[in-house]
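Peer 1: okay, predicted coordinates and the sequence, questions at the end:
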Amino acid sequence: METINQYIESNRERFLNELFELIRIPSISSEAEHKADMYRCAEKWKSLLLEAGADRAEVYETKGNPVTYGEKIIDPALPTVLVYGHMDVMPVDPIDLWHTQPFEPVVKDGKIWARGADDDKGQAFMHAKAFEYMVRTGNLKCNVKFMIEGEEEIGSPSLPEFCRNHKDMLKADVILVSDTSMIAPDVPSITTGLRGLAYWEIEVKGPDADLHSGIFGGAVANPANVLCKMIGDMIDDKGHITIPGFYDDVLEVSAEERAKMAKAPFDLEAYKKSLGVKELCGEEGFSTKERTGIRPTFDVCGIWGGYTGEGAKTVLPSVAYAKVSSRLVPNQKHDKIAELFKAYFESKAPECVRVKVTYLHGGPSYVCPIDLPAYKAAEKAFEEVYGMQPVPVRSGGSIPIIATFEEVLGIKSILMGFGLGSDAIHSPNENYPLEQFFNGIRTIPLFYKYFTMK
């Protein structure tokens, strides 16, 4: 029987060419002009799953972007794994910071450079190729279902209803996801927790039209100035978020668990160097890894208003905007936090401006017990490929739909991510090391082996 290493070696170029065809589709879910690309990508996933060995694959409509579903049912009595991934990607702006064309993948320095190379086309594609290997070599010992959605990067607004409407079709024993990262190339890890998310847009209005900043400046409130001051007041000098009631439901992590988390390898100086910063900052009393894993945050994701073109224009803007978000931890409810922030921020507005807060989207946090059989299977798979037991970690990121899967489908998810912190997901020059890509294809079949082993 052909081994996974032999299979990868003999199909290496084909794997990359197929992935590159997928990456070349600019499936940006947040931009309406790419709606047709979402359907192109969904159809591409359909053909990939059928070619890999799925018995059937279909593109399903939702109120938003499509979902591609595929399955291979060997025996309904056998365990079933549901693989989840997403076909949509983040916008590419600022385009001038890219070293390559974002949707024309390039292999350089042992990495694939392109938007979606890691998040999540590269990582989801690993599952299709691992599945293909198991089918063609007779190693598949359980049922497999695939659900590839097109709205993860905008909060998966249509997927909960899709799951409710197709609950029987999606029945499974575990959900397998590769949309997270590892600590380092030589330090495997399994994500056991995800932070939740709440995301808003703020509008601050002043005068009815832009004004001359010399004639009116100092007498009429500048909405941009007011917005900056109001946002600045959301965090105090100890890094504590000032929204009343914000921390009421935060699940505090025990000293014992914090001590275990602290054992994970972490080079603070290398971390700062990789980011190009001299110092770090955050909530007082917590380490860097704790701030990004077990504590909630408040951040400005974008802010604009007035004149931003070339050269100077002395203008007092009539309106200013910001997009802000909070990462939430277990027990915090995103809809509750959404209302708390909206009520507090609007109440702090001075009479000289009008403030409007619009809640865009959000999702709950997720925690996976490390004693689940599926977690143990993932643990063994990583250990066999990487030579060491993976470290359980809490991720600072959010995949809002994961908690919804548990709520709607009643299924736990195992987050077997192979990305790295240096992959620049959501940023210019996103990349994915070839070694991680191929190691993912090596590791995934081992998960199935140990998950189905009696």
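Peer 2: Happy to help now that I have it.
Peer 1: how about the worst-scoring helix or strand of the chain on mean pLDDT: buried residues?
Peer 2: Confidence across the helices and strands of the chain bottoms out at helix 255-261, with a mean of 79, counting by mean pLDDT, DSSP states H and E. Residues of helix 255-261 classed as buried: Met261 (neighbour count, 16 or more other C-beta atoms under 10 Å). (C-beta placed from N, C-alpha, C; glycine too.)
Peer 1: what does the helix or strand following it rub up against?
Peer 2: Following the chain from helix 255-261 toward its C-terminal end, the next helix or strand by DSSP states H and E is helix 268-275. By C-beta atoms under 8 Å, 6 or more residues apart in numbering, the surrounding residues in contact with helix 268-275 are Lys278, Glu279, Leu280, Thr288, Gly421, Ser422.
Peer 1: from those residues, which has minimum pLDDT?
Peer 2: Ranked by pLDDT, the contacts of helix 268-275 bottom out at Gly421, which has 90.
Peer 1: any idea how many residues pack against that residue?
Peer 2: Here the neighbour count serves as a burial measure; for Gly421 (other C-beta atoms under 10 Å) it reads 13.
Peer 1: how near is the residue nearest to it when sequence neighbours are not counted to Asp119?
Peer 2: Nearest in space to Gly421, with sequence neighbours left out and distances taken as C-beta to C-beta, 6 or more residues apart in numbering, is Ser181 at 6.1 Å. Using C-beta to C-beta, to the nearest Å, one gets 9 Å for the distance from Ser181 to Asp119.
Peer 1: cool, Glu284 as well?
Peer 2: Using C-beta to C-beta, one gets 31 Å for the distance from Glu284 to Asp119.
Peer 1: same question for Ile73.
Peer 2: Separation of Ile73 from Asp119 (C-beta to C-beta): 30 Å.
Peer 1: more crowded one of these two?
Peer 2: Neighbours were tallied for Ile73 and for Asp119 using other C-beta under 10 Å; the higher tally belongs to Asp119 (27 against 14).
Peer 1: which residue ranges of the stretch 201-350 of the chain form helices?
Peer 2: 213-216, 223-232, 255-261, 268-275, 288-293, 334-347 (DSSP state H, counting those that start in this stretch).
Peer 1: among those helices, which gets the worst mean confidence?
Peer 2: Per-segment mean pLDDT for these reaches its minimum on helix 255-261, at a mean of 79.
Peer 1: what bits of the protein have low per-residue confidence?
Peer 2: Applying pLDDT under 70 to the chain picks out residues 1, 454.
Peer 1: how's it carved up into domains?
Peer 2: 4-194+366-452, 196-250+296-363 (automatic domain parsing).
Peer 1: quick one, which of those domains is packed in tightest?
Peer 2: The densest packing among these, expressed as mean neighbour count by mean count of other C-beta atoms under 10 Å, is seen in domain 4-194+366-452 with a mean of 20.
Peer 1: next, the distance between the ends of that domain.
Peer 2: With C-alpha to C-alpha, to the nearest Å as the measure, the ends of domain 4-194+366-452 fall 18 Å from one another.
Peer 1: residues near the nearest residue to Ser287 once chain neighbours are set aside, how many?
Peer 2: Counting by C-beta to C-beta, 6+ apart, Ala262 is the residue found nearest to Ser287 once chain neighbours are left out, at 7.0 Å. By other C-beta under 10 Å, 11 other residues sit near Ala262.
Peer 1: separation between Ala262 and Val329?
Peer 2: Note on Ala262: its distance to Val329, by C-beta to C-beta, is 17 Å.
Peer 1: check which helix or strand covers the nearest residue to Asn139 once chain neighbours are set aside.
Peer 2: Of all residues beyond its chain neighbours, the one nearest Asn139 is Pro445 (6.3 Å), with distances taken as C-beta to C-beta, 6+ apart. Counting by DSSP H and E, the secondary-structure element that holds Pro445 is helix 434-452.
Peer 1: that older thread, is it true that the residue nearest to Ser287 touches Phe286?
Peer 2: No. Look at Ala262 against Phe286 with C-beta atoms under 8 Å: they stay out of range, at 11.1 Å.
Peer 1: I figured Glu149 hits His86, correct?
Peer 2: Yes. Using C-beta under 8 Å, Glu149 is in contact with His86, at 5.1 Å.
Peer 1: who touches Asn139 in this structure?
Peer 2: Taking C-beta under 8 Å, 6+ apart as the contact definition, Asn139 lies against Met1, Tyr133, Pro445, Tyr448, Lys449.
Peer 1: is it fair to say it lies in a strand?
Peer 2: No. In this structure, Asn139 is coil, not part of a strand, as judged by DSSP: H, G, I helix; E, B strand; the rest coil.
Peer 1: rewinding a little: and the two most separated of the contacts of helix 268-275?
Peer 2: The distance between the two most remote of those (C-beta to C-beta) is 20.2 Å, for Glu279 and Ser422.
Peer 1: confirm Thr68 sits in a helix?
Peer 2: No. Membership of Thr68 in a helix is not supported by three-state DSSP, which gives strand.
Peer 1: check contacts around it.
Peer 2: 42-43, 45-46, 49, 57-60, 87, 146-148.
Peer 1: this completes my enquiry, with thanks.
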